[in-house]
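K.L.:
output the structure for:
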Amino acid sequence: MATSPEPQSTEPPAPEPTTRPDDHDDAPPLGSRYQRLDAAAVRLSTATLQDRIRSRFPDRGLWEVCGELLAMVDEVSTDSGISRRRVRLARVLSRLGVLALVAFMVGAIGLAAADIMSTPDALTPVDWLPLIETIINDLVFVGIAVFFLVAVPERLERARVLRLLHRLRSLAHVIDMHQLTKVPERLERGSRADGGLDLTRGELTHYLDYCTEMLSLVGKTAALFAEDTTDGDVLDAVEGMETLTSDMARKVWQKIAIIQTQGA
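P.N.:
This is a model prediction of the structure:
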C-alpha cells in the first residue's frame with residue numbers, strides 16, 4: 001500500500017550555536033542579537049504603548065505620562081545634553097592631564113639620569129639612596145594623581161546616571177498614582193461625580209494593564225544604564241528600580257485578578 005508523504009515542516013531550522021575561541025573576551029558575540037538590551041526596541045515599545053493608550057483613553061492623562069517615559073528613553077539613549085558634554089570634556093582633560101604627568105615624570109627622571117651619567121665618579125653608593133627615594137616618592141604621587149584624574153569622568157558619569165535614575169523612580173511613582181485610585185469597588189458608583197470611574201469593567205482592566213506595561217518599560221529603561229557599566233552604585237540603583245517597578249506591577253495585577261473574578 002502506498003503511503004502519503006509526510007508533510008514538510010515550514011519552520012526555519014534552528015540556528016547553530018555560536019562557537020567562540022578559547023581566548024575570547026566577555027562581550028557578546030558579534031552576531032548575537034539577544035544578549036544585549038536594544039534601546040531602539042525599548043523606544044519602539046514605548047511609542048507603540050503611547051499610541052495604544054491615546055487611542056483608547058484620549059481624555060485621560062495616562063498617555064501623557066507615557067510620553068514623558070518616551071522622552072526619558074530618548075534622553076537615556078542619546079549622546080547629547082549638557083551632562084554628556086561635561087563628561088566627554090572631563091574625559092578628554094583627564095587623559096591630557098595623565099599624559100602631562102607621565103611626560104613630566106619621564107622628563108624629570110631622564111634629566112636626573114643624565115646628570116648622574118655626566119659625573120658617575122662623583123657619587124658614592126650612599127649618595128644614590130636620596131635620589132632613589134625621591135624617584136619612588138614622585139612615582140607614588142604621580143600614581144595617586146593619575147588615579148584621581150582617571151576617576152573624575154567616572155564620578156561625573158555616575159552622578160549623571162543616578163540623577164536620571166532618580167527621575168525614572170519619580171516617574172514610576174507617578175504611574176503608580178494614576179492607578180492608585182482605580183479600585184474595582186468604584187465601578188459600582190457610576191460617574192466621577194458620584195465617586196465612580198466613568199469606566200467599564202473591560203476599560204478598567206485595559207487601563208490597569210497599560211500601567212503594568214509602563215512600569216515594565218520604566219524598569220527596562222533603567223536597565224539600559226547597566227549595558228555599558230560595571231559601576232557598583234549604578235548597578236545597585238538599577239536593581240532597585242527593577243525591584244520597585246516589579247512590586248508596583250504585582251499590586252496592579254492583583255487588582256486585575258479581582259476585576260476578572262468579579263466579572264466571571
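
K.L.:
scan this protein for its longest helix.
P.N.:
For the chain, the longest helix by residue count, based on DSSP state H, is helix 128-180.

K.L.:
can you give me the buried ones in the following helix or strand past it?
P.N.:
Next helix or strand after helix 128-180 toward the C-terminus (DSSP states H and E): helix 201-223. Neighbour-count burial for helix 201-223 flags 204-208, 210-222 (criterion: 16 or more other CB atoms under 10 Å). For every residue, glycine as well, the C-beta is placed using N, CA and C.

K.L.:
for helix 201-223, packing partners?
P.N.:
helix 39-56, helix 62-77, helix 128-180, helix 232-263 (3 or more CB pairs under 8 Å, 6 or more residues apart in numbering; DSSP states H and E).

K.L.:
residue 42: how many residues sit nearby?
P.N.:
The number of residues packed near residue 42 is 20, by other CB atoms under 10 Å.

K.L.:
and residue 65, by the same measure?
P.N.:
Quick note: residue 65 (other CB under 10 Å) scores 20 neighbours.

K.L.:
the inter-axis angle of the longest helix of the chain versus helix 62-77?
P.N.:
170 degrees (axes from the mean of the first three to the mean of the last three CA atoms, to 10 degrees).

K.L.:
which helices and strands sit right next to helix 128-180?
P.N.:
helix 62-77, helix 82-118, helix 201-223, helix 232-263.

K.L.:
pick the most deeply packed of the ones you listed.
P.N.:
helix 201-223 (a mean of 20; mean count of other CB atoms under 10 Å).

K.L.:
next, the angle helix 128-180 makes with that helix.
P.N.:
170 degrees.

K.L.:
helix 201-223 to helix 232-263, inter-axis angle?
P.N.:
Per the same axes, to 10 degrees, the angle that helix 201-223 makes with helix 232-263 is 170 degrees.

K.L.:
centre of the chain to helix 201-223, how far?
P.N.:
19 Å (CA atoms, centre = their mean, to the nearest Å).

K.L.:
just the C-alpha atoms of that helix, please, in PDB.
P.N.:
Taking Å, rounded to 0.1, in the frame of the first residue of the first chain, the C-alpha atoms of helix 201-223 are listed here in PDB:
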ATOM      1  CA  ARG A 201     -15.000  46.700  33.700                       C
ATOM      2  CA  GLY A 202     -13.200  46.000  30.500                       C
ATOM      3  CA  GLU A 203     -11.900  49.600  30.200                       C
ATOM      4  CA  LEU A 204     -10.600  49.500  33.700                       C
ATOM      5  CA  THR A 205      -8.800  46.200  33.000                       C
ATOM      6  CA  HIS A 206      -7.100  47.700  30.000                       C
ATOM      7  CA  TYR A 207      -6.200  50.800  31.900                       C
ATOM      8  CA  LEU A 208      -4.500  48.800  34.700                       C
ATOM      9  CA  ASP A 209      -2.800  46.600  32.100                       C
ATOM     10  CA  TYR A 210      -1.400  49.700  30.400                       C
ATOM     11  CA  CYS A 211       0.000  50.800  33.800                       C
ATOM     12  CA  THR A 212       1.800  47.500  34.300                       C
ATOM     13  CA  GLU A 213       3.300  47.700  30.800                       C
ATOM     14  CA  MET A 214       4.500  51.200  31.500                       C
ATOM     15  CA  LEU A 215       6.100  50.100  34.800                       C
ATOM     16  CA  SER A 216       7.800  47.300  33.000                       C
ATOM     17  CA  LEU A 217       9.200  49.800  30.400                       C
ATOM     18  CA  VAL A 218      10.400  52.000  33.200                       C
ATOM     19  CA  GLY A 219      12.400  49.000  34.500                       C
ATOM     20  CA  LYS A 220      13.700  48.300  31.000                       C
ATOM     21  CA  THR A 221      14.700  52.000  30.600                       C
ATOM     22  CA  ALA A 222      16.700  51.800  33.800                       C
ATOM     23  CA  ALA A 223      18.300  48.600  32.700                       C
END
